[in-house]
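Student: Model the following, please.
(one chain, ligands or ions: 2)
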Amino acid sequence: MKTIAVVNSKGGCGKTTSAINLAACLGWRGSSVVLVDLDPQGHATLGVSMQCWNDFGLYEVFANRAEINDVIIPDVVAGIDLIPATRKLADAEALLADWPREKELALKLGCLSREYDYAIIDCPPNLGLLTVNALLAADEVLVPVEMSLFGVDSANRLTKLIHELEERHDTQIPFRILPTMVDSRTRLARSFLRQIWERYPDEILPLMVHYTVRVREAVCKGLPIIDYASSSQVATDYRHLAAEMATPEKEAVPPVTSIAVVAEERQLDPALAFQ
Ligand SMILES: Nc1ncnc2c1ncn2[C@@H]1O[C@H](COP(=O)(O)OP(=O)(O)OP(=O)(O)O)[C@@H](O)[C@H]1O
Ligand SMILES: [Mg+2]
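Tutor: Ligands and ions are numbered 1, 2, ... in the order given. Have a look, this model is predicted:
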């Protein structure tokens with residue numbers, strides 16, 4: 001199982017949208033996926049039309065009152081199971097702080113390693129213990145960054161934390177940067193894209209998620225974008241993301257051609273080559 005944590009302390013930068021749609025697109029490619037809602041706001045749970053406020057969820061798993069297998073809701077979207085956030089998850093930070101337990105999520109998800117191809121973790125908008133647990137459980141971290149100064153600043157803070165955790169735990173935490181909600185017609189968006197490209201040349205993905213109202217419409221329907229508007233630009237964006245994040249040996253579908261490589265070959269400005 002490959003575990004991908006979707007992380008950024010900046011609120012509203014597209015973490016939940018990216019987690020749901022990445023999970024849906026990996027499912028669409030034929031993989032088995034579990035979506036883990038690690039945010040007490042429960043938006044990933046809500047975004048796939050579920051509300052589990054009073055049921056058992058991750059808090060009970062952390063508190064050893066339930067097994068992780070027992071809180072999974074099967075088939076919330078084709079090919080996707082869900083570990084929901086419940087009201088109690090807000091107390092998990094305090095629970096984890098008692099020991100402290102930074103690798104508890106990695107331990108719990110380890111029980112599912114033979115059952116799924118992918119676990120996608122949607123994180124809360126902070127760098128607290130839940131997020132630290134997600135970072136230490138992840139084989140790869142996906143960092144959605146919206147095109148604003150605050151968005152770029154939060155990505156920088158996160159990468160600092162990643163490097164601290166790598167040192168403290170003597171491990172590697174690879175991360176990929178995903179530009180989100182990009183209106184590539186604006187000069188400002190292109191300027192932020194260029195800044196991110198220059199700062200993270202090895203980590204930035206050769207794709208971006210465009211800004212469109214279709215995403216909000218899909219959320220209202222409780223559907224991933226590939227089910228709500230399968231031929232839209234943003235559905236294509238998330239299919240490309242799934243192709244980039246997929247583990248090659250697990251999948252028959254080849255990854256899409258890297259826009260970065262194309263840009264280099266044609267000697268284009270990378271920020272423009274995203275489009
Ligand atoms: N590509 C997009 N185009 C337009 N709107 C988008 C796009 N992606 C996300 N949104 C909208 O932006 C808002 C914030 O997105 P989302 O909830 O995914 O962010 P988040 O980082 O998970 O937020 P939080 O930090 O609160 O968890 C939502 O209303 C969502 O529908
Ligand atoms: Mg969210």
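Student: could you dump the strand or helix carrying L165 to PDB, C-alpha only?
Tutor: When secondary structure is defined by DSSP states H and E, L165 falls within helix 149-169. As requested, the backbone C-alpha atoms of helix 149-169 are provided in PDB (Å, rounded to 0.1, in the frame of the first residue of the first chain):
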ATOM      1  CA  LEU A 149       1.800  34.800  -0.800                       C
ATOM      2  CA  PHE A 150       0.200  33.000   2.200                       C
ATOM      3  CA  GLY A 151       0.000  29.800   0.200                       C
ATOM      4  CA  VAL A 152       3.600  29.900  -0.700                       C
ATOM      5  CA  ASP A 153       4.600  30.800   2.800                       C
ATOM      6  CA  SER A 154       2.700  27.900   4.300                       C
ATOM      7  CA  ALA A 155       4.400  25.500   1.900                       C
ATOM      8  CA  ASN A 156       7.800  26.800   3.100                       C
ATOM      9  CA  ARG A 157       6.800  26.200   6.800                       C
ATOM     10  CA  LEU A 158       5.600  22.700   6.000                       C
ATOM     11  CA  THR A 159       8.900  21.800   4.200                       C
ATOM     12  CA  LYS A 160      10.800  23.000   7.200                       C
ATOM     13  CA  LEU A 161       8.700  20.700   9.500                       C
ATOM     14  CA  ILE A 162       9.300  17.900   7.000                       C
ATOM     15  CA  HIS A 163      13.100  18.300   7.200                       C
ATOM     16  CA  GLU A 164      12.900  18.500  11.100                       C
ATOM     17  CA  LEU A 165      10.900  15.200  11.200                       C
ATOM     18  CA  GLU A 166      13.300  13.600   8.700                       C
ATOM     19  CA  GLU A 167      16.200  14.400  11.000                       C
ATOM     20  CA  ARG A 168      14.400  13.500  14.300                       C
ATOM     21  CA  HIS A 169      13.200  10.100  12.900                       C
END
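Student: Could you list every helix and strand that the next helix or strand after it packs against?
Tutor: Proceeding N to C from helix 149-169, the next assigned helix or strand is strand 175-180, under DSSP H and E. Helices and strands touching strand 175-180, as assessed by 3 or more Cβ pairs under 8 Å, 6 or more residues apart in numbering; DSSP states H and E, comprise helix 15-28, strand 140-146, helix 149-169, helix 187-199, helix 233-245. Using the backbone N, CA and C atoms, a C-beta is placed for each residue, glycine as well.
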